[in-house]
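Colleague: need a structure here:
(4 chains)
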2 protein chains.
Amino acid sequence: MSVSVILVSHDPGLARHWQAALSDVPARLLGSFADLHQQSVQAGSVVWLDADLPDLPRGDDARWVSLLADARVVLASANPQRDAAVAWLEKGCAAYCHAFADADTLRQIQDVVASGNVWVGRELMQQLLATVQRAAAVRAPAQPDWARDLTEREQEVARLVAQGASNRDIANQCNITERTVKAHLAAAFAKLGITDRLQLALRVHGIQ
Amino acid sequence: MSVSVILVSHDPGLARHWQAALSDVPARLLGSFADLHQQSVQAGSVVWLDADLPDLPRGDDARWVSLLADARVVLASANPQRDAAVAWLEKGCAAYCHAFADADTLRQIQDVVASGNVWVGRELMQQLLATVQRAAAVRAPAQPDWARDLTEREQEVARLVAQGASNRDIANQCNITERTVKAHLAAAFAKLGITDRLQLALRVHGIQ
DNA sequence: GCCGATATTGTCCATCGGTACAGGGTGTGA
DNA sequence: TCACACCCTGTACCGATGGACAATATCGGC
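Modeller: I've put the predicted structure just below:
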């Protein structure tokens, strides 16, 4: 059975920094992503990943799927980038931070992530919120026709479909199961007299 | 100088819950926003605000300015709403959470906020990220000319897809096999950087 | 004549989407 | 209290879809 905290970095200085900060939790140190992939990672483990690892796989690599399913991944970069942060967090990472953040912050991240939550730095959070505000302003106006007979939830799902989201996307975003998404969609289809999501998307956008 | 913690709620049950969870930090309990406004709030204090306070001012109230400038405000609602969360966080609150979150979570929020960071729950975070991703997708490509790189046949198939036709429909209409339809679609997907017919339909209709 | 772009078709297979059974939980109005 | 609407979830099935390998044929240009 593996330890509950795993640090992965090829940079000795960074490894020392992390070990010093997290000295009160038992952590195992690995030198590459390949090393990590050979381990059997215990469910619920916290994995600290150096974003500058030479062998860090791209986002679409299959190894991420199992890792993100089992472990809680903290991605730490010496050069944090906003777009990268959004991409990784959206993919399922539990935190994105500066690799050389101070020890208190690192400990805090460890605590937050270990308890199943997501940690995000203040600046990044402000940027995300501003973006969301802007996006909300664009969509605001209420729809009359197609939405009339649909329940709140059905409308919400329909709007997401109309943006091109898959059932799984919607499930994640609404925090419900894919099955429930299907239920709402089936109800919406029946009410609107259509049979598939594409027709629904066209309806929502006022086409046909 | 000790950083103080102020709890503001009119609900005795909630107040007890908070006091029990945060028993290891010295906290002052107030019963209304008006009470809070009469205090001189020490800079860096953490203020826990019950979002269901009867006298909670609206977002544009002037009192928020000074409060948010001085203190780190945790807004806790018994009925957390996504839009409210975004609005408050964007306004400068340091956290938005469920008022009756478990004690461990409340302590964690206190720690994170006290150190100057922002705390956001997992579900809300997922929603924010999905929204940001979608907003980015809207801005980035912005192709008015979806047809430019497509061959005649690919455009023809794409237009039919955009009307809601299935591969079989298109095959019949164009007098080709379903397999060929798939080939044209695959080519169009690759050229447009998308992966499914719904995205294609949205593009053709000038959405996204 | 060869090369590249286009159009066509094939098989195989993993995943997605939609439907058909099923059920449990909550809140509201009669 | 009971009916009803709404929300949520489960298993199972099957057709539609999209990607990964192909291959063949035509046509225009170098």
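
Colleague: what's the following helix or strand after the lowest-mean-pLDDT helix or strand in chain A?
Modeller: Lowest on mean pLDDT, DSSP states H and E among the helices and strands of chain A sits helix A:122-139, with a mean of 74. Following helix A:122-139 in sequence order, the next helix or strand is helix A:152-161 (DSSP states H and E).

Colleague: so A:Q199, which of the three states?
Modeller: At A:Q199, secondary structure determined by DSSP: H, G, I helix; E, B strand; the rest coil is helix.

Colleague: Excluding chain neighbours, what is closest to it?
Modeller: Excluding its sequence neighbours, the residue lying closest to A:Q199 (CB to CB, 6 or more residues apart in numbering or on different chains) is B:G164, at 5.1 Å. Yep, even glycine has a C-beta here, placed from its N, CA and C like the rest.

Colleague: Now for A:H98: which residues touch it?
Modeller: Contact analysis of A:H98 by CB atoms under 8 Å, 6 or more residues apart in numbering or on different chains lists A:76-78, A:80, A:121.

Colleague: Among those residues, which pair sits farthest apart?
Modeller: Maximum pairwise distance in those, criterion CB to CB, is 14.3 Å, between A:A78 and A:G121.

Colleague: more neighbours, the two?
Modeller: The neighbour comparison of A:A78 against A:G121 (other CB atoms under 10 Å in any protein chain shown) goes to A:G121, with 19 against 12.

Colleague: was I right about the more buried one contacting A:C97?
Modeller: Yes: counting by CB atoms under 8 Å, A:C97 is a contact partner of A:G121 at 6.1 Å.

Colleague: Okay, now the unreliable bits of chain A?
Modeller: For chain A, the stretches flagged by pLDDT under 70 are A:1-3, A:134, A:136-144.

Colleague: how about the residues of it near DNA strand C?
Modeller: Within chain A, the residues that sit near DNA strand C (CB under 7 Å from any atom of the strand) are A:166-168, A:179, A:182-183, A:185-186, A:189, A:195-198.

Colleague: Just put those residues in CSV and tack on neighbour count and secondary structure.
Modeller: Formatted as CSV, the residues of chain A next to DNA strand C follow (neighbours: other CB atoms under 10 Å in any protein chain shown; DSSP: H, G, I helix; E, B strand; the rest coil):
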residue, neighbour count, secondary structure
A:S166, 16, coil
A:N167, 19, helix
A:R168, 11, helix
A:R179, 9, helix
A:K182, 14, helix
A:A183, 15, helix
A:L185, 19, helix
A:A186, 12, helix
A:F189, 17, helix
A:T195, 12, coil
A:D196, 13, coil
A:R197, 24, helix
A:L198, 23, helix
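
Colleague: Among the contacts of A:H98, which are located in strands?
Modeller: Using DSSP state E, the members of the contacts of A:H98 that fall in strands are A:76-77.

Colleague: want to throw the contacts of A:H98 into JSON lines with distance to chain B?
Modeller: Converted to JSON lines, the contacts of A:H98 look like this (distance: CB to the nearest CB, whole Å):
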{"residue": "A:A76", "distance to chain B": "15"}
{"residue": "A:S77", "distance to chain B": "17"}
{"residue": "A:A78", "distance to chain B": "20"}
{"residue": "A:P80", "distance to chain B": "14"}
{"residue": "A:G121", "distance to chain B": "7"}
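
Colleague: so can I have TSV of the contacts of A:H98 showing distance to B:D60?
Modeller: Shown next, in TSV, are these (distance: CB to CB, whole Å):
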residue	distance to B:D60
A:A76	39
A:S77	38
A:A78	41
A:P80	33
A:G121	28
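
Colleague: Just give me the closest of the contacts of A:H98 to DNA strand D.
Modeller: A:S77 (28.6 Å; CB to the nearest atom of the strand).

Colleague: Which phi and psi values does A:L7 adopt?
Modeller: A:L7 adopts backbone torsions of phi -110, psi 130, taken as degrees, to the nearest 10.

Colleague: from what I can see it touches A:Q19, true?
Modeller: Yes: between A:L7 and A:Q19 there is a contact under CB under 8 Å: 6.9 Å.

Colleague: If anything else comes up later, I'll come back, but that's it for now.
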